[in-house]
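Novice: Dropping the sequence and predicted coords here.
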Amino acid sequence: MDKSQALTVIAVFFLAGGVKGVTGMGLPTVAVSLLGLWMAPIEAAALLVVPSLATNVAQCRGPHFRTLVSRLWPGWAAIAIVTVFAPGMGNSVPAESARTCLGAVLVGYGVWGLWRPRLPDLSTRGRWLGAGVGLATGAVTALTAVFVIPWVPYLQSLRLGTDEMVQALGLSFTVATVALAIRVQASLPGSGWSTSALLAIGVALVGSFAGMKAGELVRGRLAGATFQKALFLVFMALGVVNLVR
């Protein structure tokens, strides 16, 4: 990795970490959408898994662990199994098709975020509904390395409390990231632990934590709604660029 590549990677993950510091989520989506402009999604995922896992661990702690595991484990299991074994990036799907899927998901996520439709109250529904949502989320993750759709809207429809939602996001993203790491290792055998790859991951990790710290420092000074609208517009723009490419 030369100096310009290192600076590019650290800038991408600084921005992605900054978004997570402000909103509590979004690092994988921002990182993959930017990295996808010049590398295949499977290569972007290889850089993503360690920073994503490291920045999600803190969100896993909390008083609702047992309740969330009991309620969400079918969905988590579905996400993990489908992410690892479904056709997608790195094997049966060409990089161009994976990038097209990534672009479509980013545009869809941006439209959904700007539209913000009222979600149904699913708080009294059975836990197995989550398994179906997990299957869909795993399929999207296997193709794009983005695991927010449709899992995050599903969690929002459960009407969780603020602290419970933060912990649920941390646990869910940790499960998805571990599954993604297994897929990446299987798809890129022998390349995941090269010196160059480890250096790139280290640079990404530094950028992520620096960005998170910066995001946390400016969180109170930003208008949350305005920031989120701008972020979803950026996702749409990046999605369109990936589709065009």
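Specialist: Looks like it arrived, so ask away.

Novice: How many residues are close by the residue nearest to Val133 when sequence neighbours are not counted?
Specialist: Excluding the flanking residues, the one nearest Val133 by Cβ to Cβ, 6 or more residues apart in numbering is Tyr154, at 4.4 Å. The C-beta positions use only the backbone N, C-alpha and C, and glycine is treated the same way. Counted by other Cβ atoms under 10 Å, the residues lying close to Tyr154 total 21.

Novice: could you dump whichever strand or helix holds Tyr154 to CSV, C-alpha only?
Specialist: Using DSSP states H and E, Tyr154 maps to helix 151-157. Extracted C-alpha coordinates of helix 151-157, given in CSV (Å, rounded to 0.1, in the frame of the first residue of the first chain):
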residue,chain,number,x,y,z
TRP,A,151,-33.1,-5.3,9.3
VAL,A,152,-32.9,-1.7,10.7
PRO,A,153,-36.5,-0.8,9.6
TYR,A,154,-37.6,-4.1,11.2
LEU,A,155,-35.9,-3.2,14.5
GLN,A,156,-37.6,0.2,14.4
SER,A,157,-41.0,-1.4,13.9
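
Novice: Once you drop chain neighbours, what's closest to Leu238?
Specialist: Leu238 sits nearest to Ser33 (Cβ to Cβ, 6+ apart), 4.2 Å away.

Novice: And the contacts of the helix or strand containing that neighbour?
Specialist: Ser33 belongs to helix 27-35 when assigned by DSSP H and E. With contacts defined as Cβ atoms under 8 Å, 6 or more residues apart in numbering, helix 27-35 is touched by 12-13, 15-17, 19-20, 41, 43-45, 47-48, 51-52, 55, 102, 106, 109, 144-148, 173, 177, 204, 208, 212, 235, 238-239, 242.

Novice: so what's the residue nearest to Val133 up against?
Specialist: If you count contacts by Cβ under 8 Å, 6+ apart, then Tyr154 has 75, 122, 130, 133 around it.

Novice: Model confidence for it, exactly?
Specialist: In the predicted model, Tyr154 carries a pLDDT score of 93.

Novice: Ok, Leu171 next?
Specialist: pLDDT at Leu171 comes out at 93.

Novice: Mind putting the contacts of Tyr154 into JSON lines with secondary structure?
Specialist: Shown next, in JSON lines, are those (DSSP: H, G, I helix; E, B strand; the rest coil):
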{"residue": "Gly75", "secondary structure": "helix"}
{"residue": "Leu122", "secondary structure": "coil"}
{"residue": "Gly130", "secondary structure": "helix"}
{"residue": "Val133", "secondary structure": "helix"}
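
Novice: okay, among these, which ones form the most distant pair?
Specialist: Gly75 and Leu122 (11.7 Å; Cβ to Cβ).

Novice: what about those two, which has more around it?
Specialist: Using other Cβ under 10 Å as the criterion, Gly75 and Leu122 rank with Gly75 on top: 26 against 16.

Novice: show me where pLDDT drops low in the chain?
Specialist: Applying pLDDT under 70 to the chain flags the ranges 1, 90-92, 126, 188-194, 222-224, 245.

Novice: Go ahead and flag the most central residue of this structure.
Specialist: Closest to where the C-alpha atoms of the chain average out (Cα atoms, centre = their mean) is Pro28, at 3.4 Å.

Novice: just the helices in the chain please.
Specialist: Along the chain, counting by DSSP state H, helices occupy 3-23, 27-35, 41-60, 65-85, 95-115, 128-144, 151-157, 162-187, 195-218, 224-244.
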